[in-house]
Every structure is written in C-alpha cells, then in structure tokens.
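> Sequence and predicted structure, then a few things I'm wondering about:
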Amino acid sequence: MVDAAPPVPKPVRELGYATSGSVQFWSDLTGEETPELRWPLAPWVFDRMRRQDAQVGSSLRAVTSPILRTQTRVDGSGCRDEVVEFVASNLGLPIVGAADDPDEDETHTANLRGRDRFSWNEHKRLALLMLPFGHSYFEQVYRWDEDTDKFRLRKLAPRLSKSIAQVNVARDGGLVSIQQWDNGAGSANIAGGGFSGGLGKPINVNRLVAYVLEREGGNWLGQSLLRTAYKNWLLKDRALRTWSQLIDRQGMGIPDYEGAPNETSLDAGLDIATSVRAGDNSGVARPNGSKLQLLGVTGTLPDVDAFVRYQDEQIARSVLAHVLNLATQKDGQVGSYNMASVLKDTLHLSLEVIDGQFHDTANAHVVEDLVDINFGSTEPAPRLVSDPLGTTQTELDRVREDAGLTSDADLVRWLRTVPNTQEAA
C-alpha cells in the first residue's frame with residue numbers, strides 16, 4: 001500500500017519580516033552608507049543637486065518631460081458607463097475612444113473649472129518628484145457633492161519630502177502611516193542642521209497615495225534617481241570651485257616685480273605688482289633698471305575641463321539620458337543620428353517603466369479608492385492608461401490632420417466611410 005502524500009501546506013501567516021521598525025534617521029532602512037544622504041538629510045541634498053547643477057536638471061527634465069506631455073485617459077473596459085464617466089469627471093481626463101470635441105460625442109468628459117477642482121497635470125508633475133527624492137506622498141481630500149450625492153475628489157494634497165519626519169512601517173513591510181514635522185518647525189530646524197521639532201498627527205495609509213521609486217521590502221523612502229549620480233555631482237562641484245580659483249589666480253599670470261639695482265625697499269614695487277590691472281587707461285611707472293613681468297604656471301595644470309565633462313557624462317548615464325552626452329566632446333563634434341536613435345530608445349524604455357509604475361499606483365490608490373467610496377468595493381473600476389510615450393508624429397497622426405479630424409475615434413469612422421479604390425486582384 002502506497003503511503004498518502006503529505007498535505008500541501010497552506011501558509012496564511014508570515015513567519016519572517018520585511019522591516020523591524022519605523023523608518024527614522026536613527027534607523028534608516030535604506031541602508032545608506034553616506035551620512036549626508038541618510039534620512040532626513042537626503043531630501044535637502046537631492047534638492048540642492050537638482051536646483052544648482054545644469055546637467056542634473058537637464059537629466060531630470062529628459063526623464064520627466066516625455067511623461068508629463070503624454071495624455072492620460074480613462075479606460076472603462078468592463079465597467080458601467082456611470083462609473084467611467086464619474087471617474088473621468090473627477091480627474092478631468094478623457095475617456096478612451098471618446099471624441100476630443102464634446103460636441104461630437106456626448107460621452108466626452110467636459111472640461112472642469114479650475115477653482116476647487118482637481119488638476120491631473122499638476123498631480124502628475126508633483127508625483128514625479130519621486131524621481132529626485134525617491135518618494136512622493138499625497139493625502140486624499142474629498143468633498144460631498146449634493147447634486148450627485150457622491151464624494152468627489154477635491155484634491156490630492158502633496159506631503160512633500162522635506163516635511164516628512166517619520167514613516168511608520170508594519171512588520172511585514174506594509175505602510176502604516178506617515179508623520180510630518182509639527183507645523184513645519186522641525187523642517188526649519190533640519191535646514192539649520194538640527195533635528196528638534198515635534199511630530200504631527202499620523203496620516204494613515206487608507207488616506208495616502210504613495211509613489212515610491214524602486215521600493216525594496218519595508219523601505220517606503222524609495223531610492224532617488226539621483227543617488228547613483230551623487231558622487232559625480234559632488235566631485236564636479238568641488239572641481240568647479242577649484243576651476244574658478246584657477247581662472248581667478250592664473251587668468252593673466254602673477255605679476256613679478258624685480259627691483260632696480262639701487263632700490264633698497266620693495267614696498268613700492270609690491271604696490272605696483274598688486275595694483276596691476278588691465279584696461280584702457282592702465283599703465284605702470286617703475287624705477288630705471290627694475291623689471292615687471294606676468295608669470296604663468298610652470299609645468300602642466302590638471303585638465304579640469306575634461307574632469308568636469310566626465311562627471312557630466314556620468315550624471316547623464318545614471319538616468320540613461322546618454323543622448324545628452326553626444327554634444328560634450330572636447331572637439332565640438334556630436335554623435336551620429338543613428339547613435340542618437342539607439343540611445344533614445346534605451347531612455348524611452350526606461351520611461352515606459354516609470355510611467356507604468358506611476359499609473360499602477362494611481363489606479364490602485366486613486367481610482368479604486370474613488371470607486372470604493374461611491375459605488376462599493378465590488379464595483380469594477382476603470383483603469384488609467386497613457387498614450388504612447390514619445391514626441392515623433394506617427395503616420396496616423398498625419399493622416400488625421402490632413403483629413404481635418406480631431407480624434408482617433410473620428411479617424412476610425414472616416415476610414416470606414418472611405419471607398420476602397422484598390423482594384424481586386
């Protein structure tokens with residue numbers, strides 16, 4: 001008789017853990033080795049990087065601009081029209097398949113007035129702050145609409161990185177809540193180098209929308225897109241300061257005064273040397289037999305230009321924006337169009353990943369929460385989808401414009417009405 005197989009285990013409880021406590025500056029779950037990049041100092045460093053360095057700013061814009069300019073739409077496949085139109089109206093977004101002209105399609109989402117209304121474009125811009133800071137948190141705020149007897153989304157209030165004092169995480173790695181510095185007092189003290197200041201009330205996860213970049217385990221701080229470029233930015237910043245001093249001290253040479261044979265004091269010569277300036281009315285008067293010359297550096301100076309250019313290239317590479325390096329050659333030559341196309345494709349793929357992550361979070365914690373509150377947790381929820389990323393006009397776009405049409409839906413209807421002029425074989 002064959003023994004029966006042992007029953008398959010059915011685990012319903014976790015034995016291990018993803019985190020052992022709250023994410024605070026004294027127990028940083030990011031495992032950061034660099035002291036100035038540990039929480040809560042990191043946001044101040046990354047903010048300085050993006051505001052003060054041209055290459056960092058350009059690299060970030062190369063990543064965010066294509067995502068920001070891409071249209072987001074509400075896909076209501078499998079959902080009731082009432083739910084789809086309600087979500088689209090709250091977010092101010094068009095519905096997939098609807099015409100862009102409201103006069104041509106009654107299902108088109110009407111434009112909302114700006115006052116006391118949610119702006120999807122502004123939310124997307126702030127949500128992409130997860131790229132430089134690693135995370136971007138929002139608190140959901142609704143208002144009761146007496147006309148529809150439903151809760152409308154009033155705003156997703158940003159809870160900026162600098163204002164967050166503590167992130168509370170469960171043992172299994174799930175987000176519990178965040179806490180801000182009380183009335184901004186602690187934030188101001190951090191800017192001054194301190195950590196004093198009380199904690200505000202916890203904002204629970206059921207009221208939060210958390211965009212976190214490359215989260216691992218219980219690390220709800222994420223990882224900044226600029227983290228791998230920090231070393232290069234720091235070295236470049238120091239090199240630029242040295243370069244400025246080099247130009248200031250060696251730009252026209254160091255005045256060297258040699259006294260005349262009968263000159264017993266060099267005080268007058270020192271005054272001459274220190275007052276030498278270039279200009280229309282500049283000149284020098286010195287004793288007979290004395291000598292004044294401008295001396296340059298003996299030997300070879302380090303090539304600061306090449307060093308800074310190398311750091312710029314590494315900063316661009318850290319976000320896969322290799323196309324920014326095509327015009328950084330010392331001889332002024334740029335790369336070929338074919339090379340630019342290949343590098344752009346690499347960047348494009350990474351942008352699709354970021355855009356997909358953004359919409360996944362928005363679907364789970366913006367759209368589904370909105371549907372749950374107003375229609376119940378069993379109601380199918382629509383999804384947010386984006387048009388294809390990129391700036392190149394497609395052949396269909398050109399056909400649509402040539403035909404004087406305004407939307408893809410119009411183009412489909414127009415193509416169905418065009419007679420087939422192709423002769424049968």
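Yes, it's here. Quick caveat, the model's predicted, so the values are computed rather than measured.

> can we go C-alpha only for contacts and neighbour counts from here?
Noted.

> Which of the helices or strands spans Pro158?
Pro158 is part of strand 150-159 when elements are defined by DSSP states H and E.

> what sits up against that strand?
90-91, 116-119, 123, 126, 136-145, 370, 373-374 (C-alpha atoms under 8 Å, 6 or more residues apart in numbering).

> hey, what's Leu294 bridged with?
With DSSP bridges as the criterion, Leu294 is bridged to Pro255.

> Who are the contact partners of it?
Met252, Gly253, Ile254, Pro255, Asp256.

> try 6 Å
Contacts for Leu294 (C-alpha atoms under 6 Å, 6 or more residues apart in numbering) come out as Gly253, Ile254, Pro255, Asp256.

> and what of Arg413?
With C-alpha under 6 Å, 6+ apart, Arg413 has no contacts at all.

> Let me see the confidence value for it.
Confidence at Arg413, expressed as pLDDT, is 70.

> roughly how far apart are it and Arg38?
Arg413 is 57 Å from Arg38, where distance means C-alpha to C-alpha, to the nearest Å.

> same thing with Gln293?
Counting by C-alpha to C-alpha, the gap from Gln293 to Arg38 is 52 Å.

> list the helices and strands the host helix or strand of Tyr137 packs on?
Element membership of Tyr137 [criterion: DSSP H and E] is strand 135-145. Under the contact criterion of 3 or more C-alpha pairs under 6 Å, 6 or more residues apart in numbering; DSSP states H and E, strand 135-145 touches strand 150-159, strand 208-212.

> Endpoints of stretch 64-75, how far apart?
Termini of stretch 64-75 sit 23 Å apart (C-alpha to C-alpha).

> Please pick the buried ones from the contacts of strand 150-159.
Neighbour-count burial (16 or more other C-alpha atoms under 10 Å) applied to the contacts of strand 150-159 gives Asn90, Leu91, Phe118, Ser119, His123, Leu126, Ser136, Tyr137, Phe138, Glu139, Gln140, Leu370.

> Per-residue pLDDT of the fifth one, please?
Right, the one you point to is His123. 95.

> next one: the third one
Note for Phe118: predicted pLDDT of 81.

> Next, count neighbours for Lys161.
Careful, residue 161 is Ser; it's not Lys. Around Ser161 there are 22 other residues, counting by other C-alpha atoms under 10 Å.

> scratch that, Tyr17 is what I was asking about
12.

> and what of Leu68?
When neighbours are counted by other C-alpha under 10 Å, Leu68 comes out with 17.

> Let's verify Leu126: helix, strand, or coil?
helix (DSSP: H, G, I helix; E, B strand; the rest coil).

> Alright, I will stop here.
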